[in-house]
Every structure is written in structure tokens, then in C-alpha cells.
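1. fold the following.
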Amino acid sequence: MKLIETPDLQTALSRALRQMNCALALLDELDAPGEVGTHLDLAICRLEKHLGINAPSENGAGALYAGLAEELLSSTVVDEVRCPWT
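-> Now for the predicted structure:
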């Protein structure tokens, strides 16, 4: 079943997202079991994706990992000193 997107629905989903983030912060403060927070964090990510917010940016972890991998794989001899990553 697909929800019909309306401005009111977007507002309600945004409010739910704020409450989910508050709940996650509370779980972190209480040192709740990690698996509980993990599931809530995943649900938050999925809702953010649905709402079109917090899309991966140039500075996201994936971009940083890709940049590091590219640097390590492309490194060669620099100033006659062998690069330690190759």
C-alpha cells in the first residue's frame, strides 16, 4: 500500500522523524542495548531517504572512503621514496 503524498503527510512524517531522533538520543543517554538503537537509526535513515533529506554529500563517509581507496590505489613512487601504501 502506497501512501498518498500530501503536505500534511510530509509535515506529520517530519514530526515523527524529530521524535525518532529524540528517542534515539534518549536511548544513547540511557546506554540502552545497541541493537535497539541500531534498528531505530536504520528506521530514521529510511524515513530521511523517503523524505529526501540527508542525502549523501560530498563529505559523507562513502565519499571519504572512495577518496582514500583511490589515493591508496593510485599512489606510486614520490620523490624517489616508495609510497608505503603500494
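2. which strand or helix spans the residue nearest the centre of the chain?
-> Central residue of the chain (Cα atoms, centre = their mean): Cys45, 6.6 Å from the mean position. Per DSSP states H and E: Cys45 is located in helix 34-51.
3. who touches that helix?
-> For helix 34-51, the external contacting residues (Cβ atoms under 8 Å, 6 or more residues apart in numbering) are 10, 13-14, 16-17, 20-21, 23-24, 27-28, 54-55. Bear in mind the C-beta positions are built from the backbone N, C-alpha and C, glycine included.
4. of all those, which two lie farthest apart?
-> Farthest-apart pair in the contacts of helix 34-51 is Gln10 and Asp28; separation 27.0 Å (Cβ to Cβ).
5. please parse the protein into its domains.
-> 1-55, 58-86 (automatic domain parsing).
6. and those, which is most packed in?
-> Ranked by mean neighbour count under mean count of other Cβ atoms under 10 Å, the domains of the chain are led by domain 1-55, which reaches a mean of 12.
7. and Pro33, its phi and psi?
-> Main-chain dihedrals, Pro33, degrees, to the nearest 10: phi -50, psi 140.
8. can you check Ala32 too?
-> Torsion angles, degrees, to the nearest 10, at Ala32: phi -70, psi 160.
9. would you single out the least confident of the domains of the chain?
-> With a mean of 67, domain 58-86 has the lowest mean pLDDT of those.
10. A helix includes Glu5, no?
-> No. Judged by DSSP: H, G, I helix; E, B strand; the rest coil, Glu5 forms no part of a helix; its state is coil.
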